[in-house]
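**Student:** Turn this into a model:
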Amino acid sequence: MVIPIEKCNPYVRAAEFQHAVLEGEGHRLAYDMRLFAVLEGNGTLVIDKQECTVSKGTAIFIPLGCGYYFRGKMRVA
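**Tutor:** Residues are numbered from 1 along each chain as shown. The predicted structure is shown next:
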């Protein structure tokens, strides 16, 4: 059974598909907990100065207060 992400938890603040993740060298700060799923493509997640390769099928959890950014073209939810 498939459940749309916006119905998984009544406290989800936002759920959206992004056709491309913006690239940049500046960290974004997670003001809340972040959960991403890579649906297509591949790239790199930079979090706290560490780099991690991500690709289709990767789930990413970013805790509150962490700085992060992506490099590469991906479709994520």
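**Student:** beta partners for the most centrally placed residue in the chain?
**Tutor:** Nearest to the geometric centre of the chain sits Phe36, at 3.4 Å (Cα atoms, centre = their mean). Judged by DSSP bridges, the bridge partners of Phe36 are Ile60.
**Student:** For this structure, give me the ranges with low pLDDT.
**Tutor:** Counting by pLDDT under 70, the chain shows low-confidence ranges at 1-3, 5-13, 17-25.
**Student:** Would you enumerate the residues in contact with the residue nearest to the centre of the chain?
**Tutor:** When contacts are counted by Cβ atoms under 8 Å, 6 or more residues apart in numbering, Phe36 touches 59-60, 62, 76-77. For the C-beta atoms, the positions are set from N, CA and C on the backbone; glycine is no exception.
**Student:** Could you work out the most separated pair of these?
**Tutor:** The most widely separated members of those are Ile62 and Ala77, with 14.2 Å between them, by Cβ to Cβ.
**Student:** Looking at the two, which has the bigger crowd around it?
**Tutor:** With neighbours defined as other Cβ atoms under 10 Å, Ile62 and Ala77 compare such that Ile62 has more, 19 against 13.
**Student:** any idea how far the more buried one is from Val54?
**Tutor:** In this view, Ile62 and Val54 are 12 Å apart by Cβ to Cβ, to the nearest Å.
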